[in-house]
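A.B. asks: Build me a structure from this.
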Amino acid sequence: MTDLDQLSIDDIRKRLQSQPEATYDVPPEILQGLTQEAAVLIPFLRIDDAWHLLYIRRAHFEGDRHSGQVAFAGGKRDASDTSLEMTALREAEEEIGLVPDDVTLLGRLNHHHTISEFQVTPFVGITPWPYALILDEVEVARAFTMPLSWLADESNYRTKNRHHPDSKRPWPIIYYDHYDGELLWGATARMTLSLIEVLSAG
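C.D. replies: The predicted structure follows:
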């Protein structure tokens, strides 16, 4: 098994050139084809000779199905964004104060289609650490890191099948165990595993 902490920046960049298949929150046949484009940033950072990923926990809003959830910084593409890469960097700066010039982009993953019918493109970048993050308190309750090696350990996550009334087949949802009091599941967990699969396949 690949020791992910031993991967160099060049290793990560090269492995990201091999794209996984697109992933979905729900069976793809039930989507209406009206997806909106969005992008997230998956920041890599180095702590004690180990790779970590930087996550946020969204602030809680009554009636918002995604509030209070663990996520990567990101959001939907604005009309002024010239690319999805720009979307990911702009949102990361707005949400956690990560200046685009401080991010070295290494590549991206294939799209993830969410239950709310967004087509999300995850971009992977290296971020200096420690870093003076500035959280948008309206949108972000907390920013924290998880070790890549912990995320890659199969004993730390499981798959549960869900059923959708418009589909005859069950659909797998990924749930991680709690880490530092945070629960990683759903779309963000699926994108995390897609990344780990790409990095482990080299």
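A.B. asks: Shouldn't residue 145 be within a helix?
C.D. replies: No. Per DSSP: H, G, I helix; E, B strand; the rest coil, residue 145 lies outside any helix segment and is strand.
A.B. asks: Which residue, other than its chain neighbours, is closest to it?
C.D. replies: Distance criterion CB to CB, 6 or more residues apart in numbering; nearest residue to residue 145, sequence neighbours excluded, is residue 52 at 3.9 Å. Placement of C-beta: from N, CA and C, glycine included.
A.B. asks: For the protein, just list every one of the helices.
C.D. replies: Assigned by DSSP state H, the chain shows helices spanning 9-15, 84-96, 148-152, 186-200.
A.B. asks: partner strands of the least confident helix or strand in the chain by mean pLDDT, parallel or antiparallel?
C.D. replies: Within the chain, no helix or strand scores below strand 23-24, which has a mean of 87 by mean pLDDT, DSSP states H and E. Strand pairing for strand 23-24, using DSSP bridges, gives strand 112-113 (parallel).
A.B. asks: Any idea how many residues pack against residue 127?
C.D. replies: When neighbours are counted by other CB atoms under 10 Å, residue 127 registers 22.
A.B. asks: Go ahead and confirm it touches residue 47.
C.D. replies: No. Counting by CB atoms under 8 Å, residue 127 stays clear of residue 47, with 11.3 Å between them.
A.B. asks: sorry, back to before: gap between the residue nearest to residue 145 and residue 187?
C.D. replies: Note on residue 52: its distance to residue 187, by CB to CB, to the nearest Å, is 20 Å.
A.B. asks: These two: which is more packed in?
C.D. replies: Counted by other CB under 10 Å, residue 52 and residue 187 do not tie: residue 187 has more neighbours, with 25 against 22.
A.B. asks: gap between the closest residue to that one other than its chain neighbours and residue 131?
C.D. replies: Leaving aside its chain neighbours, residue 187 sits nearest to residue 114 (5.1 Å; criterion: CB to CB, 6+ apart). Between residue 114 and residue 131 the distance is 28 Å, computed by CB to CB.
A.B. asks: do the same with residue 177
C.D. replies: Taking CB to CB, one finds residue 177 at 27 Å from residue 131.
A.B. asks: was I right about residue 16 contacting residue 105?
C.D. replies: No. Residue 16 is not in contact with residue 105 according to CB under 8 Å; the separation is 9.8 Å.
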